[in-house]
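Student: sequence plus the predicted model coming up.
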Amino acid sequence: MSEWGFVIAAYALTWVAVVGYVVYLRVRTARARTELDTAAREAEP
Amino acid sequence: MSLVALAGAQVLGFVISPPDRDMGHLQKIMYVHVPAAWSAFLAAFVLFIFSVLYLVRKQERHDLLAASVAEAGAVLTALTLALGSIWGRPTWGVWWTWDPRLTTTAVLMLLYVAYLALRAFTEDPERRARWSAAVGILTFLDVPIVYMSVRWRSIHQLPSSPATVDSEYALGLRVNGLAFLLLLIYLTAQRYHAARLERTAEARREEAALAHGGVHV
């Protein structure tokens, strides 16, 4: 692999890791919000 | 905003930095590898602060903040190791070697993983918070060892900082360091928000179970 190949791989990996983790956090937050709504409905008399 | 800052900082690093005399364009990996390492170490320091605060004050928010920054720290440490590996292959000729700097950073990664695993497998919230605070403190104790490790017969270069690199590279390093700092704050805040929602939902479910006449175990 050329010098540029390693450089591009490093930057691509950075973005895959960052965007991947951000997406994971968004999904987890949305799931928690749904759980909260469900729990609130269950708590209604 | 932090992602835009990160993209802008990386473009700046790419555009303004000339190729290094020895490493050529491989030097550009410094703009992601070094700031990722700084943020991973900073995350361990913040983890240490919130862990101590939890043990002193016993407030749930300190426990949740510690857990949030630990997860972001684990991601950034894994990224630091992977980027170091990509940089090491063309410069040292190996993807990995049991060098003091690499090994102590791998230990930091294992400590983050141990912290998160402990939280995942301990059900009692009070015990989980107390034990993980202890592991959180232990995790930070590895950071000074990682910092000093380059002086112990290491093949790794001495730590790069705006003070130790040529002025042509210092600006890019500073800007990328700032972008990674914003990223760490953003990731921790997002994770904390999710943790708060999860904790509130858990409390509501317990209230509902009590209101309906029993707790399901």
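Tutor: Received the coordinates, thanks. Residues are numbered from 1 along each chain as shown, chains lettered A, B, ... in the order given.
Student: what about residue 30, helix or strand, and which?
Tutor: By default, I'm working from chain A. Under DSSP states H and E, the secondary-structure element containing A:A30 is helix A:3-43.
Student: my question was about chain B
Tutor: In this structure, B:M30 is located in helix B:30-57 according to DSSP H and E.
Student: same question for that helix, mean pLDDT?
Tutor: For helix B:30-57, the per-residue pLDDT values average out at 97.
Student: what residues of that helix count as buried?
Tutor: B:30-44, B:46-55 (16 or more other CB atoms under 10 Å in any protein chain shown). To be clear about C-beta, it is placed using only N, CA and C from the backbone, and glycine gets the same treatment.
Student: if we can go back for a sec, what angle do the helix holding A:A30 and helix B:30-57 make?
Tutor: Our comparison of helix A:3-43 with helix B:30-57, counting by axes from the mean of the first three to the mean of the last three CA atoms, to 10 degrees, yields an angle of 30 degrees.
Student: same for helix A:3-43, what does it pack against?
Tutor: In terms of contacts (3 or more CB pairs under 8 Å, 6 or more residues apart in numbering or on different chains; DSSP states H and E), helix A:3-43 is packed against helix B:2-16, helix B:30-57, helix B:60-92, helix B:167-211.
Student: for the helix or strand that the third one is followed by, buried residues please.
Tutor: Taking DSSP H and E as the definition, the helix or strand that follows helix B:60-92 towards the C-terminus is helix B:100-121. When neighbours are counted by 16+ other CB under 10 Å, the buried residues of helix B:100-121 are found to be B:100-105, B:108-109, B:111-112, B:115-116, B:119.
Student: the residue positioned nearest the centre of chain B and B:L65, how far apart?
Tutor: Centroid-nearest residue in chain B, with CA atoms, centre = their mean: B:G73, separated by 2.0 Å. Plainly put, B:G73 is 12 Å away from B:L65 if you go by CB to CB, to the nearest Å.
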